[in-house]
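Chemist: Below are the sequence and a predicted model; questions follow.
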Amino acid sequence: MSLLKVTQTLFEGFGVTCQLFILTLAFSLPLGLLIAFGSMSKWKPFKRLNKYESKLIRIIANLRPISLIFRVIVWVIRGTPLMLQLCAIFYVPGIVFDVQLFGGANGRFTAALVAFVINYACYFSEIYRGGIEGIPRGQYEAAQVLGMTAGETFFTVILMQVVKRILAPISNEVITLVKDTSLARVIAVAEIFYINDMSFLNRGLIWPMFYIAVFFLVFVGVLTLFFGWCEKKLDYYKV
Amino acid sequence: MAFLEVKNLKKRFGDVSVLHGIDFSMEKGEVVAIIGSSGGGKTTFLRCLNFLERANFGTIDIDGAFHFDANVVYSNAQMRAMRLKMGLVFQSFNLFPQYTALENVYIPLQLRTKEKIRANVPFGLKRRAAYAEAQKENRKIAENILTEVGLAEKMGNYPCQLSGGQQQRVAIARALAQEPAILCFDEPTSALDPELTGEVLRVIKELKDQGRTMLVVTHEMDFARNVADRVVFFADGMIEEQGTPSEIFNNPKSAKTAAFLNHSAVNL
């Protein structure tokens, strides 16, 4: 089989890989910010109990339920293998609850997308949280004494400093995502490895599997250049 | 009634009382230096005046501008309006790193002008035009103030390209642009190398000559002695003693003041 034919066939799968990558980023980047705000929530509904001496009551008084819920979610998602999450999202609704959530032609792709979005949103949320909490208090106070509202403070003062701080860890995570898309193979999403298995590997042709590396290398190379460019663009200030 | 009138101001952090009832007043155009050892409540007092900390008890009055009572609940908008009457220059400058010196001064100003325009001009192109007009004016104001503090050449520079002294002068310009009734300084030269403190203190002295009302928390005893109209000595969350610089430095009445000044002198 010729190199051209193999490349053409693999490109079909690579298209799906790219779709999965782009859609995951489009949903998980904003969702991550919501999760970050959730886990930073300072709401203490039982604050009034603080006047009691008992240690147990004090623990309840200092409880931040919203933050707690989000932190538990992040712990579970970061604490279990992504491959397992893919299987759980795809199979559990049907097997356990008898609901056909991911039927139809695109069902597998949708299931994979949901799993990736949740997983990556959790990782992104921790990066955002680190970025936001790392901004010195003085920046908020300076904005405050200049009469800024909370919204103005976030958008004119804090946001660009956070962007600069999180660019490196985000780029790391994004590059990991490119390669993690191949995990969708376990629920038979027609991404590049699945196509390779069906078209070549199952027929005893081994070399295309290694040839796939070239696709990923080129993709990651482009991303690296892109993030390098972003970093240069933000080089004019230090945080 | 004095220009600034603080009555029985108290502040606690948890169980620790930091200010136990400060009575303090200031006249328009007066420059007051607050001295005292660390942990005496000087900075907390300044932060309460700027509403970065909320006092637990007491009142703050600025002549005609506002009356703050710790027992009253204020809306966010009211708090912001009161904050704007007070200016604060921080020890660590706290410039916004992503903006140039000029932007640091005019962007906060522009935000406030925009708010006023939003309230008066309903919407549409007129508002747009008003924004643009205001932007020009605010830039002009910022340029003038930066020139005044001697940074005409550095307006386009980012904070990371400026020396500590220059950064602090930008911070002073930024606070001045809001035209506060009282400009407060929280140890403005403590984060600076000795050779850079002079340029900042000179700016403060120039402001005094223009008749600005200023409240300066400082460890620079020479500055307190030579520039301030009045020196206030804080100890253990109280005003221990206050008077003219010569009274405090040459003839302290309280033993605590004398001990503090002696100790400062030994360090020199």
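Modeler: That came through fine.

Chemist: Could I get the contacting residues of the closest residue to chain A within the stretch 151-268 of chain B?
Modeler: Closest to chain A within the stretch 151-268 of chain B is B:Cys160: 4.2 Å, counting by CB to the nearest CB. All C-beta spots, glycine's among them, are computed from the backbone N, C-alpha and C. B:Cys160 sits next to A:Tyr237, A:Lys238, B:Pro97 when contact means CB atoms under 8 Å, 6 or more residues apart in numbering or on different chains.

Chemist: what's the answer for B:Thr257, then?
Modeler: The contact partners of B:Thr257, taken as CB under 8 Å, 6+ apart, are B:Phe233, B:Ala235, B:Glu240, B:Glu241, B:Ile248.

Chemist: Out of these, name the ones that lie in strands.
Modeler: B:Phe233, B:Ala235, B:Glu240, B:Glu241 (DSSP state E).

Chemist: Please identify the nearest residue in space to A:Ala150, excluding sequence neighbours.
Modeler: B:Asn76 (7.9 Å; CB to CB, 6 or more residues apart in numbering or on different chains).

Chemist: can you tell me how far that neighbour sits from A:Thr153?
Modeler: According to CB to CB, to the nearest Å, B:Asn76 and A:Thr153 sit 12 Å apart.

Chemist: Comparing those two, which residue is more hemmed in?
Modeler: The residue with more neighbours, out of B:Asn76 and A:Thr153, is A:Thr153; 19 against 9, by other CB atoms under 10 Å in any protein chain shown.

Chemist: Which of the helices or strands spans the nearest residue to that one once chain neighbours are set aside?
Modeler: Taking CB to CB, 6+ apart, and ignoring the residues beside it in sequence, A:Thr153 has A:Ala143 as its nearest neighbour in space, at 4.1 Å. According to DSSP states H and E, A:Ala143 maps onto helix A:137-145.

Chemist: Report the rounded mean pLDDT for that helix.
Modeler: Helix A:137-145 shows a mean pLDDT of 95.

Chemist: Counting neighbours, which bits of it end up buried?
Modeler: Using 16 or more other CB atoms under 10 Å in any protein chain shown as the test for burial, helix A:137-145 gives A:Gln139, A:Tyr140, A:Glu141, A:Ala142, A:Ala143, A:Gln144, A:Val145.

Chemist: and the two most separated of the residues you listed?
Modeler: Based on CB to CB, the longest span within those runs between A:Gln139 and A:Val145 and measures 11.4 Å.

Chemist: Show me which residues of chain A sit near chain B.
Modeler: A:136, A:138-139, A:141-150, A:152, A:156-157, A:160-161, A:164, A:236-239 (CB under 8 Å from any CB of the partner chain).

Chemist: if we can go back for a sec, next up, the contacts around the residue nearest to A:Thr153.
Modeler: A:Glu152, A:Thr153, A:Thr156, A:Val157, B:Pro108.

Chemist: can you tell me how far the residue lying closest to the fourth one once chain neighbours are set aside sits from B:Arg80?
Modeler: What sits nearest to A:Val157 in space, not counting adjacent residues and going by CB to CB, 6+ apart, is A:Ala143, at 4.9 Å. Between A:Ala143 and B:Arg80 the distance is 11 Å, computed by CB to CB.

Chemist: longest single helix anywhere in chain A?
Modeler: Using DSSP state H, we find that the single longest helix of chain A is helix A:3-39.

Chemist: in what helix or strand does residue 93 lie?
Modeler: Picked chain A for this. Per DSSP H and E: A:Pro93 is located in helix A:82-97.

Chemist: Actually, chain B is the one I wanted.
Modeler: Going by DSSP H and E, B:Phe93 is not in any helix or strand.

Chemist: Please work out how many residues are found near it.
Modeler: B:Phe93 has 24 neighbours, counted by other CB under 10 Å.

Chemist: my read: it touches B:Gln168, true?
Modeler: Yes: B:Phe93 is in contact with B:Gln168 according to CB atoms under 8 Å; the separation is 5.4 Å.

Chemist: Okay, now the unreliable bits of chain B?
Modeler: Along chain B, segments meeting pLDDT under 70 span B:266-268.

Chemist: For it, which segments are assigned as strands?
Modeler: Under DSSP E, chain B gives strands at B:4-13, B:16-26, B:31-35, B:57-62, B:66-69, B:86-89, B:182-186, B:214-217, B:230-235, B:238-243.

Chemist: could you check the angle strand B:230-235 makes with the second one?
Modeler: It refers to strand B:16-26. 170 degrees (axes from the mean of the first three to the mean of the last three CA atoms, to 10 degrees).

Chemist: Same question for the fourth one.
Modeler: Note on geometry: by the same axes, to 10 degrees, strand B:57-62 and strand B:230-235 are set 160 degrees apart in direction.

Chemist: Which elements pack onto strand B:57-62?
Modeler: strand B:4-13, strand B:16-26, strand B:66-69 (3 or more CB pairs under 8 Å, 6 or more residues apart in numbering or on different chains; DSSP states H and E).

Chemist: How about the residues of the stretch 51-200 of chain B by chain A?
Modeler: Residues of the stretch 51-200 of chain B lying near chain A (CB under 8 Å from any CB): B:51-52, B:76, B:80-81, B:83-84, B:86-88, B:90, B:92, B:94-99, B:107-108, B:111-112, B:158-160, B:174-175, B:178.

Chemist: what about 6 Å?
Modeler: B:52, B:80, B:83-84, B:88, B:92, B:94, B:96-98, B:108, B:111-112, B:158, B:160 (CB under 6 Å from any CB of the partner chain).

Chemist: Out of those, which two are the most distant from each other?
Modeler: B:Arg80 and B:Cys160 (29.1 Å).

Chemist: quick one on the thing from earlier: C-terminal to the helix holding A:Pro93, which secondary structure element comes first?
Modeler: Beyond helix A:82-97 in the direction of the C-terminus, DSSP H and E gives the next helix or strand as helix A:107-133.

Chemist: who does that next one touch, helix- and strand-wise?
Modeler: helix A:3-39, helix A:65-79, helix A:82-97, helix A:159-180 (3 or more CB pairs under 6 Å, 6 or more residues apart in numbering or on different chains; DSSP states H and E).
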